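Enquirer: Take this sequence and fold it.
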Amino acid sequence: MSEERYVGAIDQGTTGTRFMVFDHDGQVVANAYQKHEQIYPEPGWVEHDPEEIWENTKEVIGDALSKADIGSEQLDAIGITNQRETTLIWDTESGRPLNNAIVWQDRRTTDRVEKLQDEGKEEWVRGKTGLEPDAYFSATKAEWLLDNTDQIKLQRMRPDDVRDRAEQGELMFGTIDSWLIYKLTGEHITDVTNASRTMLFNIHEMEWDDELLEEFNVPEATLPEVRPSSDENYYGTTDEDGFLGEEIPVAGAL
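Expert: Residues are numbered from 1 along each chain as shown. Down below sits the predicted model:
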């Protein structure tokens with residue numbers, strides 16, 4: 001086995017997940033790809049299974065390394081690029097999603113956006129986020145998940161239990177980058193580019209916006225830390241006891 005050093009890139013897209021391995025000249029030396037299921041519970045609704053995405057991510061990383069006869073110890077770092085506004089909420093203790101992720105294409109929260117428009121809040125949202133209010137973005141998806149997660153499925157007793165737990169920091173909100181960073185490192189982190197597509201992030205102050213969080217009733221305790229897209233301090237490292245068997249820095253997302 002060669003002792004060359006490499007950088008790995010997870011490309012988690014709308015229809016599938018790819019892992020690419022680059023040498024230090026920027027040349028691709030290996031890649032692997034795996035599709036995931038598109039779930040359509042109702043017309044206009046689109047969901048993904050976050051656990052399937054994670055399992056596929058592990059699979060394509062292993063496949064690409066195997067194809068190139070590269071050991072995980074030869075990876076200097078891993079970065080992530082991802083489908084953007086797709087939103088999920090997971091349990092802090094168990095690490096399991098409460099529900100399927102709501103995909104960026106999903107239109108179930110169109111009525112909520114129309115309510116914003118009727119209340120004359122379009123310019124207010126645009127002024128803070130740079131975004132035209134739309135069901136495309138993550139804010140209304142997170143609000144919907146917190147309001148509509150199946151209590152029976154979760155074996156919880158009270159209708160307000162999900163929101164109580166969210167307020168207490170027992171649940172985590174994130175886009176797909178946050179989900180993969182969490183599964184790789186155990187850290188709850190997003191980068192500025194993904195945060196800016198949630199409709200909850202103030203692009204002038206470069207932080208989560210308290211007024212937007214109140215509008216969409218998304219508790220601050222659920223939010224990931226926002227970090228630079230390429231971070232020399234890393235987002236964390238993989239677990240040496242995990243599927244890669246090494247502590248590999250996860251160093252960027254975009």
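Enquirer: and the nearest residue to Thr237 once chain neighbours are set aside, how many neighbours?
Expert: Once flanking residues are discounted, Thr237 sits nearest to Glu247: 4.3 Å by CB to CB, 6 or more residues apart in numbering. Any C-beta I mention is one placed from the backbone N, CA and C, and that applies to glycine too. The number of residues packed near Glu247 is 15, by other CB atoms under 10 Å.
Enquirer: before we move on, what about Ser66?
Expert: By other CB under 10 Å, 12 other residues sit near Ser66.
Enquirer: per-residue confidence for it?
Expert: Reading off the confidence values, Ser66 has pLDDT 96.
Enquirer: Need the three-state assignment for it.
Expert: Following DSSP: H, G, I helix; E, B strand; the rest coil, the label given to Ser66 is helix.
Enquirer: what bridges to Leu88?
Expert: For Leu88, the residues forming beta bridges with it (DSSP bridges) are Gly174.
Enquirer: quick revisit: quick one: the residue nearest to Thr237 and Asp241 touch, right?
Expert: No - taking contacts as CB atoms under 8 Å, Glu247 lies outside contact range of Asp241: 9.7 Å.
Enquirer: that older thread, can you give me the distance of the residue nearest to Thr237 to Glu232?
Expert: Applying CB to CB, to the nearest Å, the value for Glu247 to Glu232 is 17 Å.
Enquirer: do the same with Pro133
Expert: 35 Å.
Enquirer: For the stretch 1-150 of the chain, which segments count as strands?
Expert: 6-12, 16-22, 28-35, 47-48, 75-82, 87-91, 101-102 (DSSP state E, counting those that start in this stretch).
Enquirer: Pull out the buried residues from stretch 12-25.
Expert: For stretch 12-25, a neighbour-count test (16 or more other CB atoms under 10 Å) marks Gln12, Thr14, Thr17, Arg18, Phe19, Met20, Val21, Phe22 as buried.
Enquirer: can you put these in a markdown table and add pLDDT and distance to Val125?
Expert: Output for those, formatted as a markdown table (pLDDT from 0 to 100; distance: CB to CB, whole Å):
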| residue | pLDDT | distance to Val125 |
| --- | --- | --- |
| Gln12 | 98 | 27 |
| Thr14 | 97 | 25 |
| Thr17 | 98 | 32 |
| Arg18 | 98 | 33 |
| Phe19 | 98 | 36 |
| Met20 | 97 | 36 |
| Val21 | 97 | 40 |
| Phe22 | 96 | 38 |
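Enquirer: Relative to Gly95, which of the residues you listed is nearest.
Expert: Gln12 (17.4 Å; CB to CB).
Enquirer: tally of neighbours for the nearest residue to the closest one once chain neighbours are set aside?
Expert: Among residues not flanking Gln12 along the chain, Asn82 sits closest, at 4.4 Å (CB to CB, 6+ apart). Residues near Asn82, counting by other CB under 10 Å, number 24.
Enquirer: likewise Gly44?
Expert: 12.
Enquirer: can you check Glu123 too?
Expert: Neighbours of Glu123 (other CB under 10 Å): 9.
Enquirer: where's it relative to Leu213, distance?
Expert: In terms of CB to CB, Glu123 sits 19 Å off from Leu213.
Enquirer: just Glu114 next, same as before
Expert: For Glu114, the distance to Leu213 equals 21 Å [CB to CB].
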